[in-house]
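Participant: Need the 3D shape of this:
(2 chains)
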Amino acid sequence: MGEIPILRIADCLLVSIQVDMHDQLALALQDDLTRRIVEDRARGVLIDISALDLVDSFIGRMLNNIAAMSRVLDAVTVVVGMRPEVAITLVELGLALTGVRTALNVDKGLALIRGAIDANQRPDARRKI
Amino acid sequence: MPVEKSENMPVRSSDDVVRARQAVRKHAIAAGFSLVEQTKIVTAASEIARNTVDHGGGGTLRIEVLREGPRRGVRLTFVDQGPGIADISQALADGYTSAGGMGLGLGGARRLSNEFEITSTPGRGTVVTLGRWI
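Facilitator: Got it, this is the predicted structure:
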């Protein structure tokens, strides 16, 4: 079973899914990413799915789970590069991917992560009682 | 309805689910499906193939490329000898899940298909047939 590499760039983790996702691989990625967020103290996770020709309910659930887990661990997940035919099919399938932030490409995704981290680090945002 | 081509394959593991997707894609392309049409039937196939493995204990898939006058279609028949589904309308409802999924498998696959039929006998197994036409 091939592993999906997780790259670190500054305080972000970058994953580009380039293989046909089978279910065990999706579960392994979910676990690996959660572990790496903690180990690398990552603030952002960028998942590039531009090579995926299908997102079914299982892969959709993986994306939802990664976004939810990273949120609990104070990191922001952005999914980028969804193909148009995949987006059309997802909507018809009934998968809303609520809670998953998306961007058109890697550049826009990184900007979204950067913006979210900066917003959290403003002094007034940090003041929690 | 004339069958132009057909293929049978096992659906027993998650690797078989990936292989089933690839085979359905190949036949959909051969039938002249657009990219969106291909993606819809391949996604529907993925949902049902996973059900066959996870709930049906494994089974088989028959892929048929059909022609009826100017129309062409792809029909998929998934057969398993698993425990069957006691309440099909409940299983088709969004949000119903027995395996920790999102509960979109059957209902989602039905929405992505032009034809959809499911017959199940508790204790004997399940047959799901779905098709898309262009």
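
Participant: okay, CA-based contacts and neighbour counts for the rest of this
Facilitator: Noted.

Participant: gap between residue B:33 and residue A:57?
Facilitator: The spacing between residue B:33 and residue A:57, counted by CA to CA, to the nearest Å, is 22 Å.

Participant: just for chain B, where's the confidence low?
Facilitator: B:95-104 (pLDDT under 70).

Participant: Name the helix or strand for residue B:50, please.
Facilitator: helix B:35-54 (DSSP states H and E).

Participant: tell me which parts of chain A are close to chain B?
Facilitator: A:20-24, A:53-58, A:61, A:85-86, A:88-89, A:92-95 (CA under 8 Å from any CA of the partner chain).

Participant: for residue A:104, what are its contacts?
Facilitator: A:80-82 (CA atoms under 8 Å, 6 or more residues apart in numbering or on different chains).

Participant: Residue B:18: which of these is nearest?
Facilitator: Nearest to residue B:18 among those is residue A:82, at 19.4 Å by CA to CA.

Participant: helix/strand/coil for that closest one?
Facilitator: Assigned with DSSP: H, G, I helix; E, B strand; the rest coil, residue A:82 falls in the coil class.

Participant: just to confirm, which helix or strand has the one residue in chain B that gets nearest to chain A in it?
Facilitator: Nearest to chain A in chain B, going by CA to the nearest CA, is residue B:108, at a distance of 4.3 Å. In the assignment (DSSP H and E), residue B:108 maps to helix B:105-111.

Participant: Can you tell me which helices and strands that helix packs against?
Facilitator: helix A:84-93, helix B:35-54, helix B:88-92 (3 or more CA pairs under 8 Å, 6 or more residues apart in numbering or on different chains; DSSP states H and E).

Participant: among those, which is the most enclosed?
Facilitator: Mean neighbour counts were compared across those using mean count of other CA atoms under 10 Å in any protein chain shown; the top stretch is helix B:35-54, at a mean of 24.

Participant: does any part of it sit near chain A?
Facilitator: Yes. Helix B:35-54 is in contact with chain A by CA under 8 Å from any CA, via B:35-36, B:39-40, B:42-43, B:46-47.

Participant: How about stretch B:57-64?
Facilitator: No. Using CA under 8 Å from any CA, stretch B:57-64 stays clear of chain A, coming no nearer than 15.1 Å.

Participant: Show me how far that stretch is from its chain's centre.
Facilitator: 8 Å (CA atoms, centre = their mean, to the nearest Å).

Participant: Please save the CA atoms from it in PDB.
Facilitator: The C-alpha atoms that make up stretch B:57-64 are tabulated as PDB, following Å, rounded to 0.1, in the frame of the first residue of the first chain:
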ATOM      1  CA  GLY B  57     -19.400  -9.600   2.400                       C
ATOM      2  CA  GLY B  58     -18.200  -9.300  -1.200                       C
ATOM      3  CA  GLY B  59     -19.800 -10.100  -4.500                       C
ATOM      4  CA  THR B  60     -19.600  -9.500  -8.200                       C
ATOM      5  CA  LEU B  61     -20.100  -6.700 -10.700                       C
ATOM      6  CA  ARG B  62     -21.300  -7.000 -14.200                       C
ATOM      7  CA  ILE B  63     -20.700  -4.000 -16.500                       C
ATOM      8  CA  GLU B  64     -22.700  -3.800 -19.700                       C
END
